[in-house]
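*Asks:* no sequence on this one, just coordinates:
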């Protein structure tokens, strides 16, 4: 990288906060995207660690003047290569913007620097009796800024929705270096175009987030995890729809192919409690009030009975719930050696049964299998293309294209929660119309005329 | 209006659906904005009533080619002049796009043409047992498209949030005439920039909505209206915050100056049930499940007792609840003869007490009063500048500017739910930074390069 530019970066953040060489750079180069499909990072990129928005502003001004790509580095927990610098870039690590500025109890809002991790936030909230934050993408190493800019989802969206719903304000640094505040600690705000919601989900391509204002919620201290089995997937899906229609609002409704539950349990030396049935749901209930908690559990139990549940197992103790959650969350460890490509498609929730059986049929057509893990009440399905002899099979692109075709025929999206990143950049045009893509390009150019922010991502 | 253009419009929609002359045009010229501040409509504007998106597309193409302004006409229930054509315009009345395309029970979604009224939707939902839609801006003549494009709020946002939260898909016609679909019946969708959320709240200046996909919810058939009085506003506000923190999630928490409740009741020949106290709240509870309903009522009762409520009145019967709601909703009739200008500011909910006492002090400073009606749990305050001898007082601009100053000092917004429209267009720059306004202008130009869509609105 250009010496004059480097000298200026040293000047802005100090020599301790620039990494230009060596092994310590490597952890900043990749996210959690699968090796089989991930692009090569441009390893001559350098890491810069600003202390605050003012330094980010100076860095972006410099980058914009010199046309130098900037890739923001959050927790690195992304799954689609959004944080991988594919051109020689300034990797803008947010690790020093880790201050919890305020937990505002009266307004039930948190004001956070963008580099605060979800773990930090949850730990801090434990000290503030009665307050919680619901969105949980799985890995608590995720930065709040990253969760905001990727509009993170996760299992708990059933009750609480995705990140977008909980973000009330942002401080962002534009490519020009200008710092702007959007929104605030407001519940209602209709003052002009909602640029905040445009930046949420833009994956670091429109602006750099430096601060996030999140809504907090009453701590939900009464919880249970219910696992239920049905004879047919259609019954499990119908039970899921009935639960949604009942008003019970569970935290999460998860489906996995039974062999993933039993196989993962076995791998962990545990026992999967459901012996009967073919299609298992894991339902998490969580409420602030005890009476409401019992009412929700009762509703869910009744609905599942009515839909012909063959077995229901109720875990109320924390340790038991943690064990079930562990089995659910470790399934990836159980199958990751066989996965070539993971999907994140979403379809209307009523179309999940036809989508699932269609995915299975398509896999069978290629004489292979596809493993399914689903945030079923959100219509968000994670399935995969499995490796053949450790290699991506020849038919991978063809199978992917057929699976996408099925998804589109049901009005679905290629990504429910993980985002476009670099992994799905070329696929975006399959889903979007020409005029919509043109507007997206226009938005990109408006915010970032020189294209310095996270090139090769989204568009 | 140009004869050639007129001839083409006749061709597109048919002669029955164009109004160029006479009294029948007048109802299309204004919305519900107060007479004292509303701009003059350009009465040479003409009314065109397309049948569908295809006709809207043809009209917009024509308007774009000829640089003719287009103002969309929904239910005309807006309060800030968004629907008033201030230049010679094609008033695009959406009244024929009134089809309820689908009530999709499995997905709990409604697919609606933009001109469907809220009343139409609610009536249709009565035929679909167990389904409801929560957002209610007060006037059921509002079109769903209008509610979407203005991001309508209303009292029920406490439990359910504003329109943005419930919109999952839009069909929109761009200024170019291109028709695009955004989103769909999806719960999670992270495919590229969220243009849908940019158009929501853009008040007819970025695109014309032709179709809206809304999320539906379990019908909340158990309801109660609780009115509670406190000795001091600070106690009422603290009770409101405690209710939010309790997890009770009431449908609405409304505050009004006591004289508005009692005076409106008297005007209607009714009795306001609270005799003690100085600061009254109206809390509406609404749940799908009976046990959850009782739990919520209990929580609210306990919180109010703890905060020193002097009187609580519980209305469970529908007729009694309707009477209380009538008193709440008719306050405007009670005071409208005296109002010169109505505000719609929002502040962080914890700042409501200092904001309210500040507004009252500012009014007193000008030797006048200001009436306060508040969606208090949303921090959304409606207050006013009252007329003096039937005229807008000389100090109106100065008082407004001081009230805005107070609002900004608390991190507030000039409009929580009504929008910018034409009423607050010049005020927007008081709240927003230069770079944010510049981006908004860029967005406007990107979507509508010739500036034909609702000129003079928002920007």
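*Replies:* Structure's in. What do you need? Predicted, not measured: the structure shown is a model, and the values here were computed from it. Numbers count the residues shown, from 1 in each chain, chains lettered A, B, ... in the order given.

*Asks:* Which helix or strand contains residue A:254?
*Replies:* Using DSSP states H and E, residue A:254 maps to strand A:252-257.

*Asks:* Can that strand be said to contact chain B?
*Replies:* No - using C-beta under 8 Å from any C-beta of the partner chain, strand A:252-257 never reaches chain B; the gap is at least 11.4 Å. The way it works is simple: take the backbone N, C-alpha and C, and place the C-beta from them, glycine included.

*Asks:* swap in stretch A:64-71?
*Replies:* No - Stretch A:64-71 lies apart from chain B when judged by C-beta under 8 Å from any C-beta; the minimum separation is 13.3 Å.

*Asks:* End to end on that stretch, go ahead and measure it.
*Replies:* Its first and final residues considered, stretch A:64-71 spans 13 Å by C-alpha to C-alpha, to the nearest Å.

*Asks:* what's the answer for stretch A:42-60, then?
*Replies:* Note: stretch A:42-60 ends 19 Å apart using C-alpha to C-alpha.

*Asks:* and it, which residues are buried?
*Replies:* A:45-50, A:53, A:55-60 (16 or more other C-beta atoms under 10 Å in any protein chain shown).

*Asks:* chain center to that stretch: distance?
*Replies:* Taking C-alpha atoms, centre = their mean, to the nearest Å, the mean C-alpha location of stretch A:42-60 is offset from the chain mean by 24 Å.

*Asks:* Also stretch A:201-209?
*Replies:* With C-alpha atoms, centre = their mean as the basis, stretch A:201-209 stands 15 Å off its chain's centre.

*Asks:* Identify each buried residue in that stretch, please.
*Replies:* Residues of stretch A:201-209 classed as buried: A:201, A:202, A:203, A:204, A:205, A:206, A:207, A:208, A:209 (neighbour count, 16+ other C-beta under 10 Å).

*Asks:* Outside of that stretch itself, list whatever touches it.
*Replies:* Identification of contacts with stretch A:201-209 by C-beta atoms under 8 Å, 6 or more residues apart in numbering or on different chains yields A:56, A:60, A:70-72, A:82-83, A:92, A:114, A:145, A:148-151, A:164, A:170-175, A:198-199, A:419-421, A:443-444, A:447-448, A:453-454, A:457-459, B:190, B:193-194.

*Asks:* Low-confidence ranges, chain A, go.
*Replies:* Counting by pLDDT under 70, chain A shows no low-confidence range.

*Asks:* hmm, back to that, in strands only, show me the buried residues of stretch A:201-209.
*Replies:* A:208, A:209 (DSSP state E).

*Asks:* for the buried residues of stretch A:201-209, which one is nearest residue B:306?
*Replies:* residue A:209 (39.0 Å; C-beta to C-beta).

*Asks:* Give me the distance between the closest one and residue A:92.
*Replies:* Residue A:209 is 11 Å from residue A:92, where distance means C-beta to C-beta, to the nearest Å.

*Asks:* repeat for residue A:315
*Replies:* For residue A:315 relative to residue A:92 (C-beta to C-beta), the value is 43 Å.

*Asks:* Between the two, point out the one with more neighbours.
*Replies:* residue A:92 (26 against 20; other C-beta atoms under 10 Å in any protein chain shown).

*Asks:* Might you report the residue contacts of that one?
*Replies:* A:48, A:50, A:56, A:59, A:70, A:71, A:72, A:73, A:208.

*Asks:* wait, is the second one part of a helix?
*Replies:* No - the assignment for residue A:50 (DSSP: H, G, I helix; E, B strand; the rest coil) gives coil, which keeps it out of a helix.

*Asks:* ok, and the closest non-adjacent residue to it?
*Replies:* residue A:56 (4.8 Å; C-beta to C-beta, 6 or more residues apart in numbering or on different chains).

*Asks:* before we move on, the earlier item: which of the buried residues of stretch A:201-209 sit farthest apart?
*Replies:* Spanning the widest gap among the buried residues of stretch A:201-209 are A:201 and A:208, at 14.9 Å by C-beta to C-beta.

*Asks:* what's the following helix or strand after the strand holding residue A:254?
*Replies:* For strand A:252-257, the succeeding helix or strand toward the C-terminus, using DSSP H and E, is helix A:258-267.

*Asks:* Can you name the residues bridging to the nearest residue to residue A:1 once chain neighbours are set aside?
*Replies:* Nearest residue to residue A:1 in three dimensions, chain neighbours excluded: residue A:46, at 5.6 Å (C-beta to C-beta, 6+ apart). As for beta bridges, residue A:46 partners with residue A:90 under DSSP bridges.
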